[in-house]
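**Q** Just the structure for this:
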Amino acid sequence: MLLTRWGREIGDIPLCEYPRPQFKRESYFCLNGKWQLSFSKEKKIPNSFEYEILVPFSPETPLSGVSRTLESDEYLIYQRNFELEEDFNKGRVFINFGAVDQIAEVYLNDSFVGSHHGGYTPFSFEITGFIKDGENTLCVICEDKCEENEYSRGKQKTKRGGIWYTKQSGIWQSVWLESTPLEYIKSVRITPDYDKEQVSFEFENASGVEILVYDGNEIIADTTDKTIKLPQFKEWSPEKPFLYDVVFKYKKDRVKSYFGMRKFSKGVDDNGIPRLFLNNKPYFHNGLLDQGYYPDGFLTPPSYEALEYDVKTMKECGFNMLRKHIKIEPLLWYHYCDVNGIIVWQDMINGGGSYGAETNVLPFLNINLDDTNYKTFKRTNAKARKLYYKELKEMVDLLYNCPCIAMWVPFNEGWGQFDSGKAYELLREWDKTRLVDSASGWHDRGKSDVVSKHIYFTPIRVKVSERPYVLSEFGGYGLKIENHTFSDKMFGYRIYKSKEKLTKAYKKLFEKVIIPQIKTGLCATVYTEVSDVEDELNGLMTYDREILKIDKEVLKGINGNVMANE
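**A** Purely as a prediction, here's the structure:
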């Protein structure tokens, strides 16, 4: 069993820090920790439970204490008791789930509270009317079909191997309670307008909210106006990731947040070449593919410190961007990117049936398929397609306020791709402040803000077009480090036998191929990848994050040359 340093020191209440940094109240009651768990063929709460599980780790993970796989014809039945302090309830009480894979039903004190479909987005229910004095009993019933129902599943696969990873189920992000006054702020949408030197706030269910904006400890605005002018503002960028703090006051409710003044766009440079722009200037996105998996928690980090470690280490190596690949992280990960100055390209989670020639063969023959043909792309389940749009909107709403996010990526390599033109239009309607890479890698149907290529096996030759050219996946150079691998198997696009040979090949790739093409049209790179994942040994770090395979100073030097040639 491969454990991380954080997993070896796991406590009784893991990931107990406040999980929502951009909408923070003082009220917080963490429900992570030891729960009762059963696997059942019937969807009913049993009289006794088989296991004790450490939430929020899925039962399949080492850190859960269970290490048992949920079968497709089974249900997971969770239960725990809790008591609230007398002064906790300020008028309303809500239960929040970071993510539950794939279908969840919630019960409190034997009463049905609500259900949620979709394994990667958060949800909450008001439970004021279900709470009672003294001990309360919370139950969650989960169902996970993985590939069978064509729901979003990411890179999980029942039969893992290669670039597909171990299936997991059930609760895999934090569970927590909060209380609000009877009249409260449900949500806020923060939109910085770089060109107009202002920031706007849209509140879902409250009017007359007092907004206090802080530059450090100094109040620079105190108003009920929904649009606030910020002349001579401090901008956010990877080089100077300045954030303004903000407090919202509405009657007895008080919420803390923050925002950054920045602008992501595309344009043409002085030589007539289409480019990605940051704050109205051409800016090269120099990044990595980041899958966010861990050997002991799988999709769930063993601690938030582990999340922060990945972000800080890659920033220290000189990268300025991470492509969050086929996963929606806990909100604290995006907070670490905001604070440390890392641009994020955010993937949507893939679904659909079993993938075939549309992903494995035809793209390498330069065959571009029509994604309105649902049968071709294994997207024949209308219910699953409808759920995709629901989850896509939930993802945008969840992450809209994060300064770091520059790009939405609705589809990757044809995995369950469908109607990508419609997805593009919806994303641009929902969010006019970011760019969209409609079909990362393959099957570009013409509606996208970039030309997006994945090139692992053929020569990388940038061809300037009317859209910025981004190399959204490449590299994948592998090195096996003994005693730091998940299994004896090894997947890599190119395999090297030593740290020295890997370093030499990496330097050659950037110095001879990547850097010379920046001035002639290359606008962004996404090297594969941050860390190893299961059999996949392409990471700059080992899966347990103990070893950086290329020295930090070497990476920093190469990345300095990349940015010097933008």
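**Q** residues contacting residue 261?
**A** Counting by CB atoms under 8 Å, 6 or more residues apart in numbering, residue 261 touches 192, 194, 199, 230, 233-236, 242, 244. In this view, the C-beta of every residue, glycine as well, is placed from N, C-alpha and C.
**Q** And for residue 74?
**A** Neighbour list for residue 74: 39-41 [criterion: CB under 8 Å, 6+ apart].
**Q** Can you check the pLDDT for it?
**A** If you check residue 74, the pLDDT there is 95.
**Q** same check, this time on residue 78
**A** 98.
**Q** Over to residue 231?
**A** Each residue has a pLDDT score; the one for residue 231 is 94.
**Q** In what element of secondary structure is it found?
**A** Per DSSP states H and E, residue 231 falls between elements, in no helix or strand.
**Q** Test my guess that it contacts residue 197.
**A** Yes. Counting by CB atoms under 8 Å, residue 231 does reach residue 197; the two are 5.5 Å apart.
**Q** Looking at those two, which is more packed in?
**A** A direct count of neighbours by other CB atoms under 10 Å for residue 231 and residue 197 places residue 197 higher, at 14 against 6.
**Q** show me the residues around the more buried one that make contact.
**A** By CB under 8 Å, 6+ apart, residue 197 lies in contact with 229-233.
**Q** Most neighbours out of those residues, which is it?
**A** residue 230 (20 neighbours).
**Q** Most neighbours out of the contacts of residue 74, which is it?
**A** Going by other CB under 10 Å, residue 39 tops the contacts of residue 74 with 19 neighbours.
**Q** So that residue belongs to a strand, correct?
**A** Yes. According to DSSP: H, G, I helix; E, B strand; the rest coil, residue 39 belongs to a strand.
**Q** Going forward, count from 234.
**A** Noted, 234 is the first residue going forward, which turns the last one into residue 272.
**Q** for it, what are its contacts?
**A** Here residue 272 is in contact with 283, 292, 301, 303-304, 307-310 (CB under 8 Å, 6+ apart).
**Q** Now with 6 Å, please.
**A** Counting by CB atoms under 6 Å, 6 or more residues apart in numbering, residue 272 touches residue 307.
**Q** got it, and residue 783?
**A** Residue 783 neighbours (CB under 6 Å, 6+ apart): 736, 739.
**Q** can you do 10 Å?
**A** When contacts are counted by CB atoms under 10 Å, 6 or more residues apart in numbering, residue 783 touches 550, 710, 712, 732, 735-740, 773-774, 791.
**Q** Just to be careful, could you list which of those are in strands?
**A** 710, 712 (DSSP state E).
**Q** So what does residue 569 have for phi and psi?
**A** The phi and psi values for residue 569, taken as degrees, to the nearest 10, are phi -60, psi -30.
**Q** For it, the count of nearby residues, please.
**A** If we define neighbours as other CB under 10 Å, then residue 569 has 20 of them.
**Q** and the gap between it and residue 555?
**A** Separation of residue 569 from residue 555 (CB to CB, to the nearest Å) stands at 10 Å.
**Q** what's the overlap in contacts for those two?
**A** In contact with both residue 569 and residue 555: 543-544, 548, 575, 637, using CB under 10 Å, 6+ apart.
**Q** By neighbour count, which of those residues wins?
**A** residue 637 leads the shared contacts of residue 569 and residue 555 on contacts (other CB under 10 Å) with 29 neighbours.
**Q** Show the contacting residues for the residue nearest to that one when sequence neighbours are not counted.
**A** Sequence neighbours aside, residue 570 is the residue nearest to residue 637 in space, at 4.0 Å (criterion: CB to CB, 6 or more residues apart in numbering). Residue 570 makes contact with 471, 474, 523, 540-541, 544, 547-548, 554-555, 557, 562, 576-577, 635-638, according to CB under 10 Å, 6+ apart.
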